[in-house]
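A.B. asks: Predicted model and sequence below, questions to follow.
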Amino acid sequence: MFGAWTLWEESQQVRFGGEISQDEKEFPMRNLSGASLVIALSFIAIGCASRVAPVTPAQLAETEATIRSAESAGAFNRAPDLLQKSRQALGAAQQASGKGDHAVARERLLETVTYAEAARARAEAEQKKGESAMVRQQADELEAKATEMKKQLKNP
Amino acid sequence: MPDRIWGVSGLLIGVLTIAACAAPPAPPKELLDARLALQDAKAANADKRATRSYDSAAANLDIANKSWEKDHDESAILHQARLAEAEARKAQYAAESQEAEEAIRRETNRKNRHEIALRDAELILLKQKGQEAELERIKALSKEQEQALQNAKAKLAAERARAEQEVARLRAEHEKSKAELTATLSRLAKVREDARGVIVTLPGNIYFNFNKADVKPAMHMQLTKIAKALAVVPDQHLLIEGHTDSDGSNEYNQSLSESRAQSVRQILLDGGIPSERIEIKGYGESKPIADNDTSAGKAQNRRVEIVLLPTKQ
């Protein structure tokens, strides 16, 4: 979960520049002309892109553990669509990482985790709904029995 | 002609090109999925139950939508849309989980209430059944006891009837024996019956010499026969009483009457009657049965009486 949050934060920084990028962006805006600004922004963008660290094996392992956790919670049967999306995202992340596209890899890893968590949430929700239905049925049966018993008591 | 055709075709191509450019492109599937997911999450009250995930999904979708409307950065749109969908589904299912948990708690409470009600009702029913069963058991026991009492009464009545029959039979036998004994004794001596029982009188002048206590030898045989007749009657106790007339002193008469009773006792013992069944008593002249003023009366008063004491029945 914290890993996913870290990925999200990093992802936001990548997409919108983050605090350091903002500072760097403001300085040329005050001093340079439009063309210089474009060039500077390009450099900044390239620089930011090149600052994205590659996905570590630990992060991959953590993400896979999230998927396995969802499977253990019953997502394999109860949320196959979300689990599939999670696995697809993981595959895409691994592919992007292999290509050196670390920003995309991180994005897809974040999607992987979020889909896995959604799958787990659905599995748990389905399980609880099942429990709820079972308890409701038991309560209904008991109510029927109790009503019948009360009738017997009134009319022995 | 060919120029016209080329002109029309060019015009048509141009119109189609303009039309194609004017129509907005369809949003990507990921974006549509994300919008749908957020709607579902809202419908599940995720905006209230899973605020953080819902808000996150809404923010992601907002970015995706804006990106779609403005710069069409496909990578950003798809990423944000996928995140929005996943977060929205997370929020939706978290909300549904909460709702299910509440339902479980609610239904568990309801189940517990009905369980208690059912148990109470079962207890009451069991109590009623138990009371009925106890009543039936007591009734059955009472019936059994009544039957046993009737059986005992019947048995007692039967035993009583048998006992009465036995008593009657014994009485009859006794009466018969008594009658037979009386008849036998009557052939051997003078027999009479009064309140004390059957009395066999041995006249003094026949059985004893004057002023003598010993039985005349001639009468031994007769007395032995009487003894044998009495010996066969079981548990027949005898009282041998000696009596005299009034001649002579009282002391002498007393002594003589006791001695004569003793003599008779000895013959009866010799005749087979057990000693414990015989008592003797000398009355002297105290119990006359006739007038001592006449010789005939005195003769009657001189006597030994064998009283057959009534047996206990």
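C.D. replies: Yep, that arrived.
A.B. asks: Show me which helix or strand of the chain is least confident by mean pLDDT.
C.D. replies: Assuming you mean chain A. helix A:18-31 (a mean of 38; mean pLDDT, DSSP states H and E).
A.B. asks: nope, chain B
C.D. replies: Every helix and strand of chain B was ranked by mean pLDDT, DSSP H and E. The lowest is helix B:2-22, at a mean of 63.
A.B. asks: quick one: contacts of the helix or strand following it?
C.D. replies: Downstream of helix B:2-22, the next assigned helix or strand under DSSP states H and E is helix B:29-43. Helix B:29-43 has contacts (C-beta atoms under 8 Å, 6 or more residues apart in numbering or on different chains) with B:47, B:50, B:54, B:57-58, B:60-61, B:64-65, B:68, B:77-78, B:80-82, B:84-85, B:88-89, B:91-92, B:95. From N, CA and C alone the C-beta is placed, and that goes for glycine too.
A.B. asks: Can you report how many residues neighbour residue B:122?
C.D. replies: When neighbours are defined as other C-beta atoms under 10 Å in any protein chain shown, residue B:122 has 15 of them.
A.B. asks: ditto for the one 4 residues further on
C.D. replies: Residues contacting residue B:126 under the criterion other C-beta under 10 Å number 11.
A.B. asks: Tell me where chain A has strands.
C.D. replies: Ranges of strands within chain A: none, based on DSSP state E.
A.B. asks: And for the stretch 151-300 of chain B?
C.D. replies: In the stretch 151-300 of chain B, the segments counted as strands under DSSP state E, counting those that start in this stretch are B:190-194, B:197-203, B:238-243, B:278-284.
A.B. asks: helices and strands around whichever strand or helix holds residue B:89, which ones?
C.D. replies: Residue B:89 belongs to helix B:74-188 when assigned by DSSP H and E. Using 3 or more C-beta pairs under 8 Å, 6 or more residues apart in numbering or on different chains; DSSP states H and E, the elements in contact with helix B:74-188 are helix A:80-99, helix A:102-154, helix B:29-43, helix B:46-49, helix B:51-69, strand B:190-194, strand B:197-203, helix B:217-231.
A.B. asks: could those be laid out in TSV, adding mean neighbour count?
C.D. replies: Formatted as TSV, the helices and strands packed on helix B:74-188 follow (neighbours: other C-beta atoms under 10 Å in any protein chain shown):
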stretch	mean neighbour count
helix A:80-99	18
helix A:102-154	20
helix B:29-43	19
helix B:46-49	19
helix B:51-69	19
strand B:190-194	12
strand B:197-203	19
helix B:217-231	17
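A.B. asks: Distance to residue B:243 and mean pLDDT added to these, as CSV?
C.D. replies: Formatted as CSV, these follow (distance: least, C-beta to C-beta, whole Å; pLDDT from 0 to 100):
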stretch, distance to residue B:243, mean pLDDT
helix A:80-99, 139, 96
helix A:102-154, 97, 94
helix B:29-43, 140, 97
helix B:46-49, 135, 96
helix B:51-69, 141, 95
strand B:190-194, 14, 87
strand B:197-203, 9, 88
helix B:217-231, 17, 88
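A.B. asks: can I get the ones you listed in CSV with distance to residue B:267?
C.D. replies: Putting the helices and strands packed on helix B:74-188 into CSV (distance: least, C-beta to C-beta, whole Å) gives the following:
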stretch, distance to residue B:267
helix A:80-99, 135
helix A:102-154, 97
helix B:29-43, 139
helix B:46-49, 134
helix B:51-69, 140
strand B:190-194, 17
strand B:197-203, 10
helix B:217-231, 5
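A.B. asks: Out of the ones you listed, which is closest to residue B:302?
C.D. replies: Shortest separation from residue B:302 across the helices and strands packed on helix B:74-188 is recorded for strand B:197-203, at 7.3 Å, computed as C-beta to C-beta.
A.B. asks: partners of the closest one in the sheet?
C.D. replies: strand B:190-194 (antiparallel), strand B:303-308 (antiparallel) (DSSP bridges).
A.B. asks: Run the angle between it and helix B:217-231 for me.
C.D. replies: 170 degrees (axes from the mean of the first three to the mean of the last three C-alpha atoms, to 10 degrees).
A.B. asks: Need the residues that contact strand B:197-203.
C.D. replies: Applying C-beta under 8 Å, 6+ apart, the contact partners of strand B:197-203 are B:178, B:181-182, B:185, B:188-193, B:219, B:223, B:226, B:264, B:299-300, B:302-310.
A.B. asks: Narrow these to just the buried residues.
C.D. replies: B:178, B:181-182, B:185, B:188-189, B:191, B:219, B:223, B:226, B:264, B:300, B:302-308 (16 or more other C-beta atoms under 10 Å in any protein chain shown).
A.B. asks: what angle do the helix holding residue B:89 and strand B:190-194 make?
C.D. replies: 140 degrees.
A.B. asks: quick one: helix B:74-188 to chain centroid distance?
C.D. replies: Centroid separation for helix B:74-188 versus its chain: 14 Å, with C-alpha atoms, centre = their mean, to the nearest Å.
A.B. asks: Could you check the angle that helix makes with helix B:29-43?
C.D. replies: Helix B:74-188 runs at 40 degrees relative to helix B:29-43, counting by the same axes, to 10 degrees.
A.B. asks: Enumerate the residues of chain A near chain B.
C.D. replies: Applying C-beta under 8 Å from any C-beta of the partner chain, we find that chain A lies next to chain B at A:11, A:15, A:82, A:85, A:89, A:104, A:107-108, A:110-111, A:114-115, A:117-118, A:121-122, A:124-125, A:128-129, A:131-132, A:135-136, A:138-139, A:142-143, A:145-146, A:149-150, A:152-153, A:156.
A.B. asks: Am I right that residue B:277 is in contact with residue B:234?
C.D. replies: No. Using C-beta atoms under 8 Å, residue B:277 makes no contact with residue B:234, being 9.6 Å away.
A.B. asks: Which one's more surrounded, these two?
C.D. replies: Taking other C-beta under 10 Å, residue B:277 and residue B:234 do not tie; residue B:277 has more neighbours (17 against 8).
A.B. asks: confidence score at the residue in the stretch 151-300 of chain B that chain A sits nearest to?
C.D. replies: The nearest approach of the stretch 151-300 of chain B to chain A comes at residue B:151, 36.3 Å away (C-beta to the nearest C-beta). With respect to pLDDT, residue B:151 scores 92.
A.B. asks: Pull up the gap between it and residue B:160, please.
C.D. replies: 14 Å (C-beta to C-beta, to the nearest Å).
A.B. asks: next one: residue B:237
C.D. replies: Counting by C-beta to C-beta, the gap from residue B:237 to residue B:160 is 29 Å.
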